[in-house]
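J.: Sequence first, predicted model second:
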Number of protein chains: 2
Amino acid sequence: MKITPTSGGVCAAKGFQAAGMHIGIRNNTSKKDLSLIYSEVPAHAAAVYTTNLVKGAPLVVTKRHLADGIAQAVLCNSGNANTCNADGIDIAEEMSCLAARELGLDPHDVVVASTGVIGQPLNMAPIRAHMGELAARLEHSEAASDAAAQGIMTTDTVKKEFAVRFELGGKVCTLGGIGKGSGMIHPNMATMLVFLTTDAAISADLLHRALSHDVRKTFNMLSVDGDTSTNDMVVLLANGLAGNDEVTDPRSPEFAVFMKALNTITVQLCRSIAGDGEGATKLLECRVSGANSPDVACVAAKSVITSSLVKAAMFGADANWGRVLCALGYGGADLDVDAIDVSFVSRAGRVEVCKDGAGIPFSEELAKQVLSETEIEIAVRLGDGDYGATAWGCDLTYDYVKINGDYRT
Amino acid sequence: MKITPTSGGVCAAKGFQAAGMHIGIRNNTSKKDLSLIYSEVPAHAAAVYTTNLVKGAPLVVTKRHLADGIAQAVLCNSGNANTCNADGIDIAEEMSCLAARELGLDPHDVVVASTGVIGQPLNMAPIRAHMGELAARLEHSEAASDAAAQGIMTTDTVKKEFAVRFELGGKVCTLGGIGKGSGMIHPNMATMLVFLTTDAAISADLLHRALSHDVRKTFNMLSVDGDTSTNDMVVLLANGLAGNDEVTDPRSPEFAVFMKALNTITVQLCRSIAGDGEGATKLLECRVSGANSPDVACVAAKSVITSSLVKAAMFGADANWGRVLCALGYGGADLDVDAIDVSFVSRAGRVEVCKDGAGIPFSEELAKQVLSETEIEIAVRLGDGDYGATAWGCDLTYDYVKINGDYRT
């Protein structure tokens, strides 16, 4: 099973075009704020959404549009979440209609998404004024994917864009995607905004199955600040243009390859979103092993990655492992506290700090070196069980507070 | 039912003595770090403890000691949590024995508590060396309560000490307490360290009932950082020296008065601990009304107060109410999102920002004034239900990150 990295993000797969441009949804910036993704033919579409009871209007509309499992375009603005607005549904519907008209599609084949401030009316004037230009800019190119990736960013400081190639039944297939963080990230069943495209032919049923299964191990294991957004959404479009025989059997080797390719991209997106969390200086990865159930492993890994105190300690390169134990203890998983081992790992080395639930002597100097790197693994062994899980997060920094103390202005 | 504030904290009630002094548990400070509370006669004792699976050794020992519902002294050190140490239980037992020997008590009548860094061996030498002096300093005085309150503080910046007088069966009774925060505060079933003393005569059974009931509405509704500590404990001692007829009937007016007096102190402690949360500049109080069950009200209030994004917005005096809606939406309570009203309230006024789940126009200038105060109420009306709840927290600031980025040094 060979999965090879490639370039082109959301345009890497055959038949997908993209565009992104600045239209002025927020006044005080020249950042790109509207993106469009287009498949030259109708695509099978699967999506997962936030579990927050407060749902952005675009999610409500998209859910309706994807009821038939088919979509051909994604329109997404940044700068305004179109959430908690009395006219939100009308606005989201109008966005779909504008895109559909330019692309000659049925509005029900348009996925619509928004990200930004909650509860401020979304001004449609710039979207109406620029939709034609945006559609005219659609291209199947690396530059186009780049523009679309930029158009969906909010407080992100780096673009999130990945793609891989793989083979299904002798045909080269491609899967790529773009994503955005970087605050209000604590997905549950879905996450922030991620748009994935593939030219693999796969049934709508299996596409949904692949995505639902994958997000449990990826985006649902990601936390920047513990706040589950109102607008989280992951959409996966598969247009079949690679020409492989449609994957329809969940037990086939082809489905396994597809799942692996999908997971390669989603893990890269998770790491990228976590490492670029608001104000973050470090990517944290908590790897739990030795759990006696998958659930215990997941709950434990996520509890560690979510702890404000662990996050602040990592910012300070402080090997305060007691906070890791504390987070494991309150996470809700049934654990044998006296069997827990903890190590910190990075490019600078590995330092064991806790064995069988109690501290062991370690070199503070080595610990400082290990924790001063920008990617840190918190390795937790719970006992002799067979299950493991990985969760991703970031440190808690002055800049997180700064960014979120005055986000609206 | 008249409840009158008074002074003297943990020494306000008859027959209680206290002391606190610096003995050098942490080297780099001259802060008081060992406190003792003593009742001249055996007292009924009730306690609640953290739900964290990782429990400090002092909690394990105290739980054993309180199995008979009787205690006569509390010994507490700050600077080291005596948690996740291989010899923790032995250390905690030795602390009890040292105090018991000085006071002529059975070690089982000593409550022992520790707070500070997890996973570093607690050096008993200074405790052994100074226990005699600490016991010799015991006094029934305001100064003594003050010293004890200081001795249990860690990153607290203000002392938490309150007391009230009330009447039971014609006798004047007193209840007072001391507490400490101010990080790792997200209690569940108990909280940080709080020691309460009263001279009211009340059965061991009702004392436990009163405390268990009260913490659900007070300390369990308090969050500084979402991290449930390993060492949280609330202890309530009642020595009966007020001379009232022992309260034994949960339906009696006397029990109601006692509950009210207790709640007066615990709410004051909650507000004080929240307002002095690590790095905090503001006390946040979320008052939920109109819920259709007590649980919904509690979950909603606590979710708002726990949100990092809400906390950062309050730090920045930013009326970003969308984050309040977001936190209500993911909190787990079953809500009608379209019925939610939100206002911000402080001494500077009241500003309504959300009505029926959607934003309404408001004066940003007034909002800024309201949110620039040091005590802010986030008022949430969920609908037409009969239930309400209050939760306490604080803003998320640069200083929280600073304090926790390098706590151990």
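T.: Noted; the coordinates are in hand. All values reported here derive from a predicted model rather than from experimental measurement. Numbering: from 1, shown residues only, chains lettered A, B, ... in the order given.

J.: can you pull out the strands in the stretch 151-300 of chain A?
T.: A:160-168, A:171-180, A:193-198, A:233-238, A:283-291 (DSSP state E, counting those that start in this stretch).

J.: relative to strand A:233-238, how tilted is the third one?
T.: To tie it back to what came earlier, the one meant is strand A:193-198. Computed by axes from the mean of the first three to the mean of the last three C-alpha atoms, to 10 degrees, the angle separating strand A:193-198 from strand A:233-238 equals 10 degrees.

J.: now for strand A:193-198, which elements pack on it?
T.: strand A:34-49, strand A:70-80, strand A:171-180, strand A:233-238, helix A:253-275 (3 or more C-beta pairs under 8 Å, 6 or more residues apart in numbering or on different chains; DSSP states H and E). In short, each C-beta sits where N, CA and C put it, glycine included.

J.: Specify the angle between the second one and strand A:34-49 in degrees.
T.: To tie it back to what came earlier, the one meant is strand A:70-80. 110 degrees.

J.: and the gap between the residue lying closest to residue A:169 once chain neighbours are set aside and chain B?
T.: Closest residue in space to residue A:169, ignoring its immediate chain neighbours: residue A:244 at 4.6 Å, by C-beta to C-beta, 6 or more residues apart in numbering or on different chains. According to C-beta to the nearest C-beta, to the nearest Å, residue A:244 and chain B sit 39 Å apart.

J.: re earlier: could the strands of the stretch 151-300 of chain A go into JSON lines alongside mean neighbour count and mean pLDDT?
T.: Converted to JSON lines, those look like this (neighbours: other C-beta atoms under 10 Å in any protein chain shown; pLDDT from 0 to 100):
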{"stretch": "strand A:160-168", "mean neighbour count": "24", "mean pLDDT": "95"}
{"stretch": "strand A:171-180", "mean neighbour count": "26", "mean pLDDT": "95"}
{"stretch": "strand A:193-198", "mean neighbour count": "30", "mean pLDDT": "94"}
{"stretch": "strand A:233-238", "mean neighbour count": "28", "mean pLDDT": "93"}
{"stretch": "strand A:283-291", "mean neighbour count": "23", "mean pLDDT": "97"}
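
J.: okay, the ones you listed in JSON lines with distance to residue B:95 next?
T.: Supplementary listing: the strands of the stretch 151-300 of chain A in JSON lines, determined by distance: least, C-beta to C-beta, whole Å:
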{"stretch": "strand A:160-168", "distance to residue B:95": "52"}
{"stretch": "strand A:171-180", "distance to residue B:95": "52"}
{"stretch": "strand A:193-198", "distance to residue B:95": "53"}
{"stretch": "strand A:233-238", "distance to residue B:95": "53"}
{"stretch": "strand A:283-291", "distance to residue B:95": "34"}
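
J.: Does anything pack onto the helix or strand of chain A with the lowest mean pLDDT? Which helices or strands?
T.: Among the helical and strand segments of chain A, the one scoring lowest on mean pLDDT, DSSP states H and E is helix A:398-405, with a mean of 82. Helices and strands touching helix A:398-405, by 3+ C-beta pairs under 8 Å, 6+ apart, are helix B:308-315, helix B:398-405.

J.: In the stretch 101-250 of chain A, what residue comes closest to chain B?
T.: In the stretch 101-250 of chain A, the residue that lies nearest chain B is residue A:118 (2.5 Å; C-beta to the nearest C-beta).

J.: any low-confidence regions in the stretch 51-200 of chain A?
T.: Within the stretch 51-200 of chain A, the segments meeting pLDDT under 70 span A:183-191.

J.: Report how many residues lie close to the residue nearest to residue A:256 when sequence neighbours are not counted.
T.: Once flanking residues are discounted, residue A:256 sits nearest to residue A:1: 7.1 Å by C-beta to C-beta, 6+ apart. Using other C-beta atoms under 10 Å in any protein chain shown, residue A:1 has 10 other residues around it.

J.: same deal with residue A:133?
T.: 13.

J.: between whichever strand or helix holds it and strand A:70-80, how big is the angle?
T.: Assigned by DSSP states H and E, residue A:133 falls within helix A:125-136. If you take the same axes, to 10 degrees, helix A:125-136 sits at 140 degrees to strand A:70-80.

J.: May I have helix A:125-136 as PDB, with CA atoms only?
T.: Listed next in PDB are the C-alpha coordinates belonging to helix A:125-136 (Å, rounded to 0.1, in the frame of the first residue of the first chain):
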ATOM      1  CA  ALA A 125     -23.000  43.100  -1.000                       C
ATOM      2  CA  PRO A 126     -19.300  42.200  -1.600                       C
ATOM      3  CA  ILE A 127     -20.300  38.500  -2.300                       C
ATOM      4  CA  ARG A 128     -22.900  39.600  -4.800                       C
ATOM      5  CA  ALA A 129     -20.500  42.000  -6.400                       C
ATOM      6  CA  HIS A 130     -17.600  39.500  -6.800                       C
ATOM      7  CA  MET A 131     -19.100  36.100  -7.300                       C
ATOM      8  CA  GLY A 132     -18.700  36.400 -11.100                       C
ATOM      9  CA  GLU A 133     -15.000  37.300 -10.800                       C
ATOM     10  CA  LEU A 134     -14.400  34.500  -8.300                       C
ATOM     11  CA  ALA A 135     -15.900  31.900 -10.700                       C
ATOM     12  CA  ALA A 136     -13.900  33.300 -13.600                       C
END
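
J.: what's the distance between residue A:387 and chain B?
T.: On the measure of C-beta to the nearest C-beta, residue A:387 and chain B end up 18 Å apart.

J.: do residue A:4 as well
T.: 38 Å.

J.: Tell me the bridge partners for that residue.
T.: residue A:165 (DSSP bridges).

J.: pretty sure it contacts residue A:164?
T.: Yes - between residue A:4 and residue A:164 a contact is recorded at 6.2 Å, counting by C-beta atoms under 8 Å.

J.: ok, the nearest residue to residue A:320 once chain neighbours are set aside - how many residues close by?
T.: Spatial nearest neighbour of residue A:320, chain neighbours left out: residue A:313 (4.2 Å); criterion: C-beta to C-beta, 6+ apart. Neighbours of residue A:313 under the rule other C-beta under 10 Å: 25.
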